[in-house]
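S.K.: From the sequence below, what's the structure:
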Amino acid sequence: MPRKEFTVSTEEHTPETPADVAQVSQTDVELTAAAADEPAETPVADEPTAAPAETSEAADAADAAAEPAETVRASPAVPAPRPPATPRPPAMPRPPASAIRPAVPTAPAAQAPVSTGDAGEWGRVTDDGTVSVREGDQWREVGQYPDGTPAEALAYFVRKFEDIAFKVNTLEQRVQAGGSGATDLAKQAQHLVAEVTDAAAVGDLANLRTRLDALTASLADASAAEAQEAKAAVDAAIAERTVLVERSEAIAAQDLSSVQWKKVTEEMGALFDAWQSHQQNGPRLPKGVANQLWKRFRDARATVDRQRRAFYAELDETHKAARDRKARLVERAEALAPKGVDGIPAYRGLLDEWKAAGRAGRKADDALWAKFKAAGDALYSARAEQAAATEAESAPRIEERTALLEEAKAVADEANLVKARALLTRIQRQWDEVGRIFPREKERALDDRLRVIEQELKSREDVDWKRNNPETKARAGAMSEQLLQAISKLEAERDAAERSGNAKALKEATEALEARRAWLGALEG
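M.R.: Next comes the predicted model:
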């Protein structure tokens, strides 16, 4: 085995007293015991995993090993500051939580710190300060500590061993606690294996390697299962993104000239939000597949967006043309204001043109319609004022016609049709002399009431005419004579049948006789 020089310069380290060595060793024992009792940290999602940084002592040892041993020996014994206490390695950040927990054999209890008295079992120091560690039946040099006592030299390299053992214990606790990614844990185990191999430390390094080998073996299967699980997650994510792509392509392939753009825009926005959510929360896809799916999705969105922009550009042109036409209609409507009531027919024509002008956009339509309606309201307000004035003038005429209606009620009570007709004729003449009444609705209501009285009188006159018409009377007299002769003949036939006892003839004669008498009664009224 090649010799590995590990030299500590006097400028960096000063031999410690046995009391100081014991104090530092006791401090390391307490820190190690406290670390073993601490619970495992809660895994934090998406936290990167980093290999534990080497302690300052390891860096110091590496720097010292790079210097020639002769330099150290030639250096004069100059007082130098004592080395600082060995810092503990920082807590290792946890990788994202994993559903796969490696089946790790129960780890041995945390290795107790190597005391100065037990250090002789694993290390030895030569007269020149060279420190060696026992590995099986072989001894391997780990460095030099020439300016201190053998106990100080061993204590220094024992602390190096305790630092490594602390890292191994921490890794075992994390594996047993679960929640960390097996792949990340395996990487940390490999890093510690490299650190333990030919480590510049004094202690049971073989035990540490055995424990790390057990961890590495148990994490191998878990890493493979974790990789398979990650592949399944990637396949599922690819399938989900493919669904988003196909839906966006289906939207882009339809006839976009007749769609509801508000609905299409909302759906495309929802698809894009889902895509972003997959990118942020889902597994990372292979670059080739991700680029291919994104290109398809981007092209579909670009097609829809291009058609949407064209639609709204055309719609803007349509709205602009309609807005210009309606603005001119507003100007023409406002110009009718001086005409007052006479401008209403022209305004109605403008209203028809307004309906045919098309839409100009909600805001523009509302603003223009407010102006157009205000111009019309001015005209109709003038007509309302004129109607109110006319109605005020018509109030006396309304009272006169109402009085005539009260007088016309006597027409129905008059039994003499000639007198009733004369009374109604006089009332009608006076009715016309009163003149027109406004509003027209009021005039029609009064006319309807008079017309009812006229219809009642006319019905009475029709009935009287039918009753006293000479032609009707002549026709009724001739028919009555025929019925009287038929009745006399039927009475004779009835009497003959009764004497002969012919029941059938008697029945027929009786029925015919009753019918003729009914006709005669109806004819005579």
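S.K.: Residue 139: which element?
M.R.: Remark: residue 139 resides in strand 138-144, with elements defined by DSSP states H and E.
S.K.: following that strand, which helix or strand comes up?
M.R.: Scanning the chain past strand 138-144 towards its C-terminal end, the next helix or strand to appear is helix 150-177 (assignment: DSSP H and E).
S.K.: The following helix or strand past that next one relative to helix 150-177, how many degrees between them?
M.R.: Tracing the chain C-terminally past helix 150-177 and defining elements by DSSP H and E, one meets helix 182-196 next. What separates the directions of helix 182-196 and helix 150-177 is an angle of 170 degrees, with axes from the mean of the first three to the mean of the last three Cα atoms, to 10 degrees.
S.K.: buried sites along helix 182-196?
M.R.: Applying a neighbour-count criterion of 16 or more other Cβ atoms under 10 Å, the buried positions in helix 182-196 are 182-189, 191-193, 195-196. Just so you know, the C-beta spots here come from the backbone N, C-alpha and C atoms, and that holds for glycine as well.
S.K.: Take the residues you listed and lay them out in a markdown table including pLDDT and distance to residue 173.
M.R.: Output for the buried residues of helix 182-196, formatted as a markdown table (pLDDT from 0 to 100; distance: Cβ to Cβ, whole Å):
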| residue | pLDDT | distance to residue 173 |
| --- | --- | --- |
| 182 | 73 | 15 |
| 183 | 74 | 18 |
| 184 | 78 | 15 |
| 185 | 83 | 11 |
| 186 | 81 | 16 |
| 187 | 83 | 17 |
| 188 | 84 | 12 |
| 189 | 82 | 13 |
| 191 | 85 | 17 |
| 192 | 88 | 13 |
| 193 | 86 | 18 |
| 195 | 85 | 18 |
| 196 | 84 | 17 |
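S.K.: Please give the number of neighbouring residues around residue 135.
M.R.: Around residue 135 there are 15 other residues, counting by other Cβ atoms under 10 Å.
S.K.: related to what we said a few turns ago, how big is the angle separating the strand holding residue 139 from helix 150-177?
M.R.: With the same axes, to 10 degrees as the basis, strand 138-144 and helix 150-177 are set at 110 degrees to each other.
S.K.: What are the buried residues along strand 138-144?
M.R.: When burial is assessed from 16+ other Cβ under 10 Å, strand 138-144 yields the following buried residues: 140-144.
S.K.: And stretch 337-356, by the same measure?
M.R.: Neighbour-count burial for stretch 337-356, with 16+ other Cβ under 10 Å as criterion, is recorded at 343, 347, 350, 354.
S.K.: got the contact list for that stretch?
M.R.: Taking Cβ atoms under 8 Å, 6 or more residues apart in numbering as the criterion, the residues outside stretch 337-356 that touch it are 325-326, 329, 332-333, 336, 372, 375-376, 378-380, 382-383, 386.
S.K.: Mind pulling up the pLDDT for residue 364?
M.R.: The score at residue 364 is 90. That number is its pLDDT.
S.K.: burial of it, as a residue count?
M.R.: Burial of residue 364 is recorded as 16 neighbouring residues (other Cβ under 10 Å).
S.K.: Do I have it right that it meets residue 319?
M.R.: Yes - Residue 364 is within contact range of residue 319, at 6.8 Å (criterion: Cβ atoms under 8 Å).
S.K.: Run a quick neighbour tally on residue 450.
M.R.: Residue 450 has 17 neighbours, counted by other Cβ under 10 Å.
S.K.: Numbering from 5 from now on, please.
M.R.: Let's use 5 as the start, then, which means that last one is residue 454.
S.K.: Just the buried residues of the host helix or strand of it, please?
M.R.: For residue 454, the enclosing helix or strand under DSSP H and E is helix 444-472. In terms of neighbour count (16+ other Cβ under 10 Å), helix 444-472 has its buried residues at 446-447, 450, 454, 457, 461, 464.
S.K.: for stretch 380-393, same thing?
M.R.: For stretch 380-393, burial by neighbour count (16+ other Cβ under 10 Å) applies to 380, 382-383, 386, 391.
S.K.: between these, which is nearest residue 225?
M.R.: residue 380 (86.7 Å; Cβ to Cβ).
S.K.: can you give me the angle the helix or strand containing that closest one makes with helix 444-472?
M.R.: With the criterion set as DSSP H and E, the secondary-structure element containing residue 380 is helix 366-417. Angle between the axes of helix 366-417 and helix 444-472 is 30 degrees (criterion: the same axes, to 10 degrees).
S.K.: Show me what helix 366-417 is packed up against.
M.R.: helix 291-339, helix 348-360, helix 421-438, helix 444-472 (3 or more Cβ pairs under 8 Å, 6 or more residues apart in numbering; DSSP states H and E).
S.K.: centroid residue for the protein?
M.R.: For the chain, the residue lying nearest the average C-alpha position, counting by Cα atoms, centre = their mean, turns out to be residue 274 (7.8 Å).
S.K.: now that residue: how far from residue 286?
M.R.: Relative to residue 286, residue 274 is positioned 17 Å away (criterion: Cβ to Cβ, to the nearest Å).
S.K.: Following element in sequence after the helix holding residue 454, please.
M.R.: From helix 444-472 onward toward the C-terminus, using DSSP H and E, the following helix or strand is helix 474-504.
S.K.: If we ignore the residues flanking it in sequence, what's nearest residue 331?
M.R.: Spatial nearest neighbour of residue 331, excluding adjacent residues (Cβ to Cβ, 6 or more residues apart in numbering): residue 372 at 6.4 Å.
S.K.: wait, the one you found sits on residue 330?
M.R.: Yes - in this structure, residue 372 sits in contact with residue 330. The criterion is Cβ under 8 Å, and the distance is 4.6 Å.
S.K.: Spit out the residues that contact these two alike.
M.R.: residue 364.
S.K.: can you tell me which two in the buried residues of strand 142-148 are farthest apart?
M.R.: Within these, two members stand farthest from each other by Cβ to Cβ: 144 and 148, at 13.5 Å.
S.K.: Confirm residue 136 sits in a strand?
M.R.: Yes - applying DSSP: H, G, I helix; E, B strand; the rest coil, one finds residue 136 inside a strand.
S.K.: contacting residues around it?
M.R.: Residue 136 neighbours (Cβ under 8 Å, 6+ apart): 127-130, 143-146.
S.K.: next one: residue 402
M.R.: Counting by Cβ under 8 Å, 6+ apart, residue 402 makes contact with 441, 446, 450.
S.K.: Among those residues, which one sits closest to residue 398?
M.R.: Checking the contacts of residue 402 against residue 398 with Cβ to Cβ, the nearest one is residue 441 at 4.6 Å.
S.K.: What is the three-state secondary structure of that closest one?
M.R.: State at residue 441, reduced to three classes by three-state DSSP: coil.
S.K.: what's the neighbour count on it?
M.R.: Number of residues near residue 441 (other Cβ under 10 Å) recorded here: 23.
S.K.: Tell me how far it lies from residue 486.
M.R.: In this view, residue 441 and residue 486 are 58 Å apart by Cβ to Cβ.
S.K.: I figured residue 138 hits residue 127, correct?
M.R.: Yes - between residue 138 and residue 127 there is a contact at 7.0 Å, judged by Cβ under 8 Å.
S.K.: And the two? Which one has more around it.
M.R.: Comparing residue 138 with residue 127 by other Cβ under 10 Å, the one with more neighbours is residue 127, at 24 against 18.
S.K.: who touches the more buried one in this structure?
M.R.: Contact analysis of residue 127 by Cβ under 8 Å, 6+ apart lists 135-138, 146, 158, 161-162, 206-207.
S.K.: Can you select the buried ones from these in ChimeraX?
M.R.: Per 16+ other Cβ under 10 Å, the buried members of these correspond to this ChimeraX selection:
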select :135,136,137,138,146,158,161,162,206,207
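S.K.: ok, residue 137 to residue 208 distance?
M.R.: Applying Cβ to Cβ, the value for residue 137 to residue 208 is 9 Å.
S.K.: actually residue 246, not the one I typed
M.R.: The separation that residue 246 has from residue 208, given Cβ to Cβ, amounts to 56 Å.
S.K.: Of these two, which one has the most company?
M.R.: For residue 246 and residue 208, the more surrounded residue by other Cβ under 10 Å is residue 208, and the numbers stand at 18 against 14.
S.K.: From residue 200, how far off is the more buried one?
M.R.: 11 Å.
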